[in-house]
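how would this look folded up:
(one chain, ligands or ions: 1)
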Amino acid sequence: MKIKNLVVLLSICMLFSCTAQKVQNPSLNIIPLPEKVSFTGGEFCLNEETFLQLAIAKEDVGSVMLLHTMVSEIAGYDLIMGSGFPTMIKFTLDTTLKLGSEEAYQLKITPQEIIISAGESVGLFYGVQTLGQMLTDPQFYDAESKSWRLPTVEITDKPSFSYRGLHLDVSRHFYSKEFVMKCLDIMAEYKLNKFHWHLTDAAGWRIEIKKYPELTERAAWRSEKDCMTWWKGDRKYATAETEGAYGGFYTQEEIREVVAYAAQRHITVIPEIEMPGHSEEVVSIYPHLGCYGEPYRNGEFCIGNEETFEFVENVLTEVMELFPSEFIHIGGDEASKAAWRKCAKCQRRIKREKLKDEEELQSYMISRVGKFLESKGRKLLGWDEILEGGLAKAATVMSWRGEAGGIKSAKMGHDVIMTPGSHCYFDSYQADPKTQPLAIGGFLPYLKVYSYHPVPAELNTEEAKHILGAQANLWTEYVPTAVHAEYMLFPRLLSLAEVVWTPREQKDAEDFKRRIAHHIEILKNKGVNVFTLSDRVDMLMEVDTINKQVKVVLESEKYQPEIRYTLDGSVPSSSSMIYKDTICMTDSASVSAALFVKDRSSETVSTERFDYHKGIGKKVNYTHMYSGSYPAAGMTTLTDGYRGGLTYGDGRWQGFLKHLDIVIDMEEVLDINSVSVKFMQLTGPGVYMPKYVSVSISENGDDFQEMGQIKNTIPNNKPDLFLKDFKISFKKTGRYIRVFAAKQSGFMFVDEVVIY
Ligand code: ACM
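All right, here's what the predicted structure looks like:
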């Protein structure tokens, strides 16, 4: 560099006023949280004069260019490529560097340099992602001078799990290649590395197979766009030309494009071709591949028919040409065995192969396909039903019906990917269903995803090594558009990203709330239809029997929101009390709370009644025991202070199949003023109000005097959920309180008996 240029650079540098400074440890907004972060107290100035060193192997230029593009998109200038002064970003690929994982990297920021080092290209790529997240953090960027003031820091990072996945069902609803690529971009930013593409299912075949063009001509389209309407209706397939037809598929050319696009982002695309079940669309076109020889009868391949194997192998051969992934997912879930039981060919196969039953018949198919894949150097991956009838050698299991299948497989020495419905099914509601678009059910807010750990406690260290990682699944029966898919995926996918990358000990839900708030803004700016979190205030209660009080904690999934509340049941306003700490109550109050932003209340107001009543902790004697299926917390349930919520399965409601007939011992003779008992009615599942409730009092436990009776007035021919307090007020001294509720029908659900 000529001296003159150097002077110009130096003066520009001063103009940008980026002199090295001491900075406090800032809060980095990186997701997933890196393994080790140590601040060194200084500052690096990244500006137009920063050089981007290009001394790197050709295959790694991608990472350098990615950074180059990021800077030019944000700041509007191109970093100078080359080595030089005054500040530099260097990439070091050193295959002798031992960082504990091929995906590991180090990111070191000193006042003069940013150095990203890794043993493999993928590590460099992830180092750039981390630096990139710092560059999109407004706390470090000065738009006026177009420069970043980054804290000097040393980050050493590697993933906890090698399999960090996202599954997308493109059969129930079809999404464009561009949307898939958008997902891949976001996956890469959050260091996810496996895209599981659910390409075939009853609702449509989505991959061009040259040998079987009918699959996409006639089974990639259906008579109705909305998947559930179609499924509940005629379930007929169509062609692209049929009026009103809905569907689509990816050509082999498009698939190659997606696979290459993913590879540039260090993501492996794993195709799923469903078998032996979930194949109605195939059987509709090739009825001879089903046991009945007819379309629209069932969705299982006939395993007795050799032509099934010919078809499957031909399809998989083309699939393997398109997808270099070692794993090939063959589905394997939810196959009905009914047709196989009646099918002469299947029964012949069972006999000839000396199989015990239809489960072993299924296992025969999976094993045979597994061997075929192995002969081509690939590995079979399937849903946990592939355990039925014996697990094929070398198969890897995706555990979706809870973790049991995964635990069993790991103990047998098979590799496992965890994707239990409870924590990984993103088709569940992420907030109160009343506030959300229709979803399949369940409840999976982002913090529940975040709480997941893929290694169950039941596994020892050796077995735990078989847990390769975890995956989020987006099934799309209720997800008609790409925009809606984004809503279901984000921000929950970021929780999953941290679950599979960050060491468990480092995870911190409160800190994650802070970072997710930042990333929701980032995603919004990128045009992603991200869910901006629930406005609901959750009320958690603790009964403190020592100090005889109820403690109420108000929580939100948002980071440090302003919560205002009242204790008289009135709607909180901008002058109501601000929630700072646990609310302690020795009596009774109706707490109402809402989030506030700049004096404006959210629309959602949470209200709940809390009581520290005279009955808390008192013994309940049952004449007829509660149902073994709904014991709630057992003998203490009805006087524990905790109240049943909106569902009888919440562990608070106690279920009765006989009359409720209980006596509560108050331990001493007391003034009693009222007794109130709450019941639920939900006629669908057979839950009814009592016919009437009666309360009696006694001083000695033998002679009871009835204080009153209340008849039920809730009609029993309405499907709605009803909650009713049967409250009887009086003035009487006594020690024993008898509550009798006459059963009307089905189940009675009770909680709590509140005594004043
Ligand atoms: C599945 O959800 N049927 C794997």
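
where do the strands sit along the stretch 151-300 of the chain?
163-169, 194-198, 200-201, 204-205, 221-222, 237-238, 246-247, 268-275 (DSSP state E, counting those that start in this stretch).

Who are the packing partners of the longest one?
Judged by 3 or more CB pairs under 8 Å, 6 or more residues apart in numbering; DSSP states H and E, strand 268-275 is in contact with strand 194-198, strand 200-201, helix 252-264, helix 306-322, strand 327-331. All C-beta atoms are positioned from the backbone trio N, CA, C, and that covers glycine.

Please list the residues outside the first one that contact it.
It stands for strand 194-198. Here strand 194-198 makes contact (CB atoms under 8 Å, 6 or more residues apart in numbering) with 163-171, 180, 183-184, 187, 262, 267-272, 274, 329, 469, 471, 473, 475.

element containing Phe372?
helix 358-375 (DSSP states H and E).

helix or strand right after that helix?
strand 379-383.

what angle sits between that following strand and strand 268-275?
With axes from the mean of the first three to the mean of the last three CA atoms, to 10 degrees applied, the angle from strand 379-383 to strand 268-275 works out at 60 degrees.

Can you list the strands that strand 379-383 pairs with?
Paired with strand 379-383 in the same sheet, following DSSP bridges, are strand 327-331 (parallel), strand 396-399 (parallel).

Show me what counts as buried in the longest one.
Residues of strand 327-331 classed as buried: Phe327, Ile328, His329, Ile330, Gly331 (neighbour count, 16 or more other CB atoms under 10 Å).

For the helix or strand just after it, name the packing helices and strands.
Of the helices and strands lying after strand 327-331 in sequence (DSSP H and E), the nearest is helix 338-342. Applying 3+ CB pairs under 8 Å, 6+ apart, we find helix 338-342 packed against helix 344-352, helix 358-375.

which of those sits most buried?
Comparing those by mean neighbour count (mean count of other CB atoms under 10 Å), helix 358-375 comes out on top with a mean of 20.

Can I get that one in PDB, CA atoms only?
Extracted C-alpha coordinates of helix 358-375, given in PDB (Å, rounded to 0.1, in the frame of the first residue of the first chain):
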ATOM      1  CA  GLU A 358     -48.400 -58.600  10.100                       C
ATOM      2  CA  GLU A 359     -46.000 -56.600  12.300                       C
ATOM      3  CA  GLU A 360     -43.200 -58.800  11.200                       C
ATOM      4  CA  LEU A 361     -44.500 -58.500   7.600                       C
ATOM      5  CA  GLN A 362     -44.000 -54.700   7.900                       C
ATOM      6  CA  SER A 363     -40.600 -55.300   9.400                       C
ATOM      7  CA  TYR A 364     -39.800 -57.600   6.400                       C
ATOM      8  CA  MET A 365     -40.500 -54.700   4.000                       C
ATOM      9  CA  ILE A 366     -38.500 -52.200   6.000                       C
ATOM     10  CA  SER A 367     -35.500 -54.600   6.300                       C
ATOM     11  CA  ARG A 368     -35.600 -55.400   2.700                       C
ATOM     12  CA  VAL A 369     -35.700 -51.800   1.600                       C
ATOM     13  CA  GLY A 370     -32.900 -51.000   4.200                       C
ATOM     14  CA  LYS A 371     -30.700 -53.700   2.600                       C
ATOM     15  CA  PHE A 372     -31.300 -52.100  -0.800                       C
ATOM     16  CA  LEU A 373     -30.400 -48.700   0.500                       C
ATOM     17  CA  GLU A 374     -27.300 -50.100   2.200                       C
ATOM     18  CA  SER A 375     -26.200 -51.800  -1.100                       C
END
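
Which residues does the helix holding Phe372 contact?
Taking CB under 8 Å, 6+ apart as the rule, helix 358-375 contacts 275-276, 301, 303, 308-309, 312-313, 316, 320, 328, 330, 332, 335, 337, 340-341, 346, 349-350, 353, 355, 379-380, 382, 385-386, 388-395.

From those, list just the buried residues.
275-276, 301, 303, 308, 312, 316, 320, 328, 330, 332, 335, 337, 340, 346, 349-350, 355, 379-380, 382, 385-386, 388-392, 395.

Among the buried residues of strand 327-331, find me the one that's closest to the ligand.
The ligand lies nearest to Gly331 out of the buried residues of strand 327-331, by CB to the nearest ligand atom, at 7.8 Å.

and the nearest residue to the closest one once chain neighbours are set aside, how far is that from the ligand?
Using CB to CB, 6 or more residues apart in numbering and skipping the chain neighbours, the partner closest in space to Gly331 is Glu274 (3.5 Å). As judged by CB to the nearest ligand atom, to the nearest Å, Glu274 and the ligand stand 9 Å apart.

check contacts around Glu274.
So Glu274 contacts His198, Thr200, Asp201, Ile330, Gly331, Asp333 (CB under 8 Å, 6+ apart).

Now the last one. Nearest residue, chain neighbours left out?
For Asp333, the nearest residue in space outside its immediate sequence neighbours is Trp383; the separation is 3.7 Å by CB to CB, 6+ apart.

For the residue nearest to Glu458 when sequence neighbours are not counted, give me its contacts.
Nearest residue to Glu458, sequence neighbours excluded (CB to CB, 6+ apart): Ile407, at 5.3 Å. By CB under 8 Å, 6+ apart, Ile407 lies in contact with Ser399, Pro456, Glu458, Leu459.

With distance to Gly119 as new columns, can the helices and strands packed on helix 338-342 be given to me in CSV?
Shown next, in CSV, are these (distance: least, CB to CB, whole Å):
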stretch, distance to Gly119
helix 344-352, 50
helix 358-375, 29
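
Please render these as CSV that adds distance to Ser576 and mean pLDDT to the earlier fields.
What follows is those, written out as CSV (distance: least, CB to CB, whole Å; pLDDT from 0 to 100):
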stretch, distance to Ser576, mean pLDDT
helix 344-352, 68, 98
helix 358-375, 61, 97
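
Out of these, which is closest to the ligand?
Nearest of the helices and strands packed on helix 338-342 (CB to the nearest ligand atom): helix 358-375, 14.5 Å.

who in this structure is up against the ligand?
With CB under 6 Å from any ligand atom as the criterion, the chain meets the ligand at residues Asp333, Glu334, Trp383, Trp400.
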